[in-house]
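Novice: the following block contains a protein sequence and its predicted model.
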Amino acid sequence: MKEFLKMFLLMLSFCLIREVKFFEIFDKLLRYQNPLILTFWFIIYFSASTAIILWIEELFQKK
């Protein structure tokens, strides 16, 4: 389950970084001023960033 969650967050982070321009989304969300939506996006973005960091750390530990 932990590996699946890591891979899911990693794929999500690549989607956020490559396909979706995060700051454009953030700008649109600020116009709505809905704290629930902002919180949701921050949780997704930072958990995806954490997944990348953990993945890179794991790669270096294997070497």
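Specialist: Thanks, I have it. Numbers count the residues shown, from 1 in each chain.
Novice: which stretches of this protein have low pLDDT?
Specialist: Flagging of the chain using pLDDT under 70 yields the residue ranges 1, 14-29, 32, 63.
Novice: show me the helices in it, by range?
Specialist: Counting by DSSP state H, the chain has these helices, from start to end: 2-14, 22-32, 35-62.
Novice: count of neighbours near residue 53?
Specialist: Residue 53 has 10 neighbouring residues, counting by other C-beta atoms under 10 Å. Glycine gets a C-beta too; all of them are placed from N, C-alpha and C.
Novice: do the same with residue 38
Specialist: For residue 38, the count of nearby residues is 14 (other C-beta under 10 Å).
Novice: residue 60: neighbour count?
Specialist: 7.
Novice: quick check: residue 58 vs residue 10, distance?
Specialist: As judged by C-beta to C-beta, to the nearest Å, residue 58 and residue 10 stand 11 Å apart.
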